[in-house]
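Visitor: A predicted structure for the sequence below; I have some questions about it.
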Amino acid sequence: MSSFKYDIVKQLGEVSQSPKGWTKELNLISWNGREPKYDLRDWAPGHEKMGKGITLSKDELISLRDILNEMEL
C-alpha cells in the first residue's frame, strides 16, 4: 500500500457527528503537497484516522452547490 501525506489547510465545517465521535467534515486539504481541494469525509476525533470521502475541485464544488440549490428538499 502506498503512503500519502495530507495537510488540512482549512476546516470549513462539520456536517454531522456519530455517536462514536467521528465527524463528517468539509475541509480544504492538500494531498501529497498538491494544490488544496475541497474534501468531504469522516474523521476520527483528533483527525487520527479518516474514512472514505470525496475530493472536489472548486469548479466541482460550485456545480454541486448549484445542483443542491435547485433541489426541493
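Guide: Received, thanks. This is a predicted model, so every value here is computed, not measured. Numbering: from 1, shown residues only.

Visitor: tell me what the top strand by length along the chain is packed against?
Guide: With secondary structure taken from DSSP state E, the chain has its longest strand at strand 6-17. Counting contacts by 3 or more C-beta pairs under 8 Å, 6 or more residues apart in numbering; DSSP states H and E, strand 6-17 packs against strand 23-31. Yep, even glycine has a C-beta here, placed from its N, CA and C like the rest.

Visitor: need the three-state assignment for Gly53.
Guide: strand (DSSP: H, G, I helix; E, B strand; the rest coil).

Visitor: residue contacts, the spatially closest residue to it that is not a sequence neighbour?
Guide: Leaving out its chain neighbours, the residue that sits closest to Gly53 by C-beta to C-beta, 6 or more residues apart in numbering is Arg41, at 2.3 Å. Arg41 is in contact with 24-25, 50-54, counting by C-beta atoms under 8 Å, 6 or more residues apart in numbering.

Visitor: which neighbours does the helix or strand encompassing Arg41 have in its sheet, and in what orientation?
Guide: Taking DSSP states H and E as the definition, Arg41 sits inside strand 37-43. Sheet partners assigned to strand 37-43 using DSSP bridges are listed as strand 23-31 (antiparallel), strand 50-56 (antiparallel).

Visitor: in the first one, what counts as buried?
Guide: Applying a neighbour-count criterion of 16 or more other C-beta atoms under 10 Å, the buried positions in strand 23-31 are 23-27, 29.

Visitor: same deal with the shortest one?
Guide: Buried residues in strand 50-56, counting neighbours by 16+ other C-beta under 10 Å, are found at 53, 56.

Visitor: state the mean pLDDT of it.
Guide: What strand 50-56 shows for mean pLDDT is 97.

Visitor: quick one: low-confidence parts of this protein?
Guide: 1-2 (pLDDT under 70).

Visitor: again, 90 this time
Guide: 1-4, 73 (pLDDT under 90).

Visitor: need the residues that contact stretch 47-60.
Guide: 8, 22, 29, 31, 37-44, 64.

Visitor: distance from stretch 25-38 to the middle of the chain?
Guide: Here stretch 25-38 is found 8 Å from its chain centre; the criterion is C-alpha atoms, centre = their mean, to the nearest Å.
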